[in-house]
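sequence and computational prediction follow.
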Amino acid sequence: MRAVKFPGNRQAVLVDVAVPSPGPGEVLIQMTAAAVCGSDLHRYRHAPADPPNEFIPGHEPVGLVKATGAGVTGVGLGDPVVVYHRRGCGRCPYCSDGDAMLCPNGQRAHGFACDGSDADYMLTDARCLLSLPSRFSDVEGALLACNVGTAYAPLRRLGVSGRDVLTVSGLGPVGLCAIMIGRAMGARVVGVDPSTGRRALAEQLGAVATLDPSDGELGRQIRDVAPRGASALVETSGNPAGHAAIIDLLGIGGRAAIVGMGADRPALNLCDLIWKQITVTGSNLYPNAQWEEVLTFVSEHELPIGDVVAEVLSIDDAPRAFHLADGATTGKIMFRW
């Protein structure tokens, strides 16, 4: 089967590997759609590892059940499914509660610690399967697999509502989804990103204003829109500059959720939280138990989540796909079979 590998230094190559066979409790998925995530780019950009990370990248998969291993029940051949990002142990209290992303027992993330979705077939645990209703396309399913849920979970934890001015820092695919979801929750939403194209897309998706960090102090810019500053903030860029701006963007009593990863140094002085009584929380993916809630929210609010997709490509175009995503100026890059 065709599969993507990362040799290092911003290279993506297509190789031929054997189709895996499902063991007990496992399922083989024939891919129909998969998306490039910003977290995939950490491996893509990295220098060649020693020893190399040979795992197939990708963790935003949609496909059809092709084969099942011994002991698998509740799923049939040909069923359309989304694969949850993390493979937890399935036994601990977190896995039992539907918080597999918090499993402390050697959880494995697809594309990082086990093979992922950027291939013709993907192997996973049956407990990682999430049913995809027919009302969603496979492209929408790939967005739901990571970006939409990752945007929804922190907004729900922050209790975003019509009382809020919500700032979304970083307007990549997760940030763009947060724009749509925050607006649907009733907030006035303001986006922050240096990319002209991404700011324009955020405004099309419902942002009342967008801010360019290169235009000067973000605290001054946000107060031109909301004189008291933002009451809620989601940081999706993982950039130290984005972290450093949280204090200035938020008003008194503001609350923030950190979603984006990638910063390699601290950029936020915790003592600065005191003066405005700001609350900061981390948000790790989304609970797998929240899947049906996310689907219901998207459906009821008729969110056009597919509008964040910029390019749909063949897996044969993997080098171009990752090059486009690495530019951080467009919407979502998607593979479709």
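Cool, the structure landed.

just the buried positions in stretch 301-316, please.
Across stretch 301-316, burial judged by 16 or more other CB atoms under 10 Å covers Leu303, Ile305, Val308, Val309, Ala310, Glu311, Val312, Ile315. From N, CA and C alone the C-beta is placed, and that goes for glycine too.

swap in stretch 44-56?
Tyr44, Phe55, Ile56.

ok, now stretch 146-164?
Residues 146-156, 158, 160, 164 are the ones in stretch 146-164 that count as buried (16+ other CB under 10 Å).

stretch 283-297 now?
Buried residues in stretch 283-297, counted by 16+ other CB under 10 Å: Ser283, Leu285, Tyr286, Pro287, Asn288, Gln290, Trp291, Val294, Leu295, Phe297.

which parts of the stretch 51-200 of the chain are helices?
93-96, 138-143, 149-158, 173-184, 196-204 (DSSP state H, counting those that start in this stretch).

out of the ones you listed, the one nearest Val65 is which?
Proximity to Val65 (CB to CB) singles out helix 138-143 among those, at 13.6 Å.

for that closest one, list the C-alpha coordinates in CSV.
This file holds the C-alpha atoms of helix 138-143, laid out as CSV (Å, rounded to 0.1, in the frame of the first residue of the first chain):
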residue,chain,number,x,y,z
ASP,A,138,-15.9,11.9,4.6
VAL,A,139,-14.1,15.3,4.3
GLU,A,140,-16.3,16.7,7.1
GLY,A,141,-15.5,13.6,9.1
ALA,A,142,-11.8,14.2,8.8
LEU,A,143,-12.3,17.7,10.2
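
can you give me the strands for the stretch 101-250 of the chain?
For the stretch 101-250 of the chain, the strands defined by DSSP state E, counting those that start in this stretch occupy 108-109, 121-125, 129-131, 165-169, 188-192, 209-211, 230-235, 250-258.

quick one: which of those strands is nearest Thr32?
Short answer: strand 121-125, nearest of these by CB to CB, at 10.9 Å.

pLDDT of the closest one, averaged?
Mean pLDDT, strand 121-125: 97.

what do you get for stretch 140-155?
Mean predicted confidence for stretch 140-155 is 97.

what's the first-to-last distance across it?
Criterion CA to CA, to the nearest Å; first-to-last residue distance in stretch 140-155 is 20 Å.

about what we covered before: I'd like the buried residues of stretch 146-164 as JSON lines, with distance to Arg91 appended.
Output for those, formatted as JSON lines (distance: CB to CB, whole Å):
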{"residue": "Cys146", "distance to Arg91": "24"}
{"residue": "Asn147", "distance to Arg91": "29"}
{"residue": "Val148", "distance to Arg91": "28"}
{"residue": "Gly149", "distance to Arg91": "23"}
{"residue": "Thr150", "distance to Arg91": "25"}
{"residue": "Ala151", "distance to Arg91": "29"}
{"residue": "Tyr152", "distance to Arg91": "27"}
{"residue": "Ala153", "distance to Arg91": "23"}
{"residue": "Pro154", "distance to Arg91": "27"}
{"residue": "Leu155", "distance to Arg91": "30"}
{"residue": "Arg156", "distance to Arg91": "27"}
{"residue": "Leu158", "distance to Arg91": "31"}
{"residue": "Val160", "distance to Arg91": "34"}
{"residue": "Asp164", "distance to Arg91": "39"}
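
relative to Leu211, which of these is nearest.
Asp164 (16.7 Å).

now do the contacts for the residue nearest to Ala153 when sequence neighbours are not counted.
Distances taken as CB to CB, 6 or more residues apart in numbering put Tyr286 closest to Ala153, at 3.8 Å, once the chain neighbours are dropped. Listed by CB atoms under 8 Å, 6 or more residues apart in numbering, the contact set of Tyr286 reads Met101, Gly149, Thr150, Tyr152, Ala153, Val294.

pLDDT weak spots in the stretch 1-150 of the chain?
Counting by pLDDT under 70, the stretch 1-150 of the chain shows low-confidence ranges at 50.

how does it look with 80?
For the stretch 1-150 of the chain, the stretches flagged by pLDDT under 80 are 49-53.

also the stretch 201-337 of the chain?
Scanning the stretch 201-337 of the chain for pLDDT under 80 picks out 262-267.

show me the contact partners of stretch 19-31.
1, 61-72, 75, 81, 83, 115, 117, 119-127, 129, 335, 337.

stretch 180-189 too?
So stretch 180-189 is in contact with 148, 151-152, 155, 160-168, 178-179, 205-208, 226, 232, 234, 297, 301, 303-305, going by CB under 8 Å, 6+ apart.

buried stuff in that stretch?
Met180, Ile181, Gly182, Arg183, Ala184, Met185, Ala187, Arg188, Val189.
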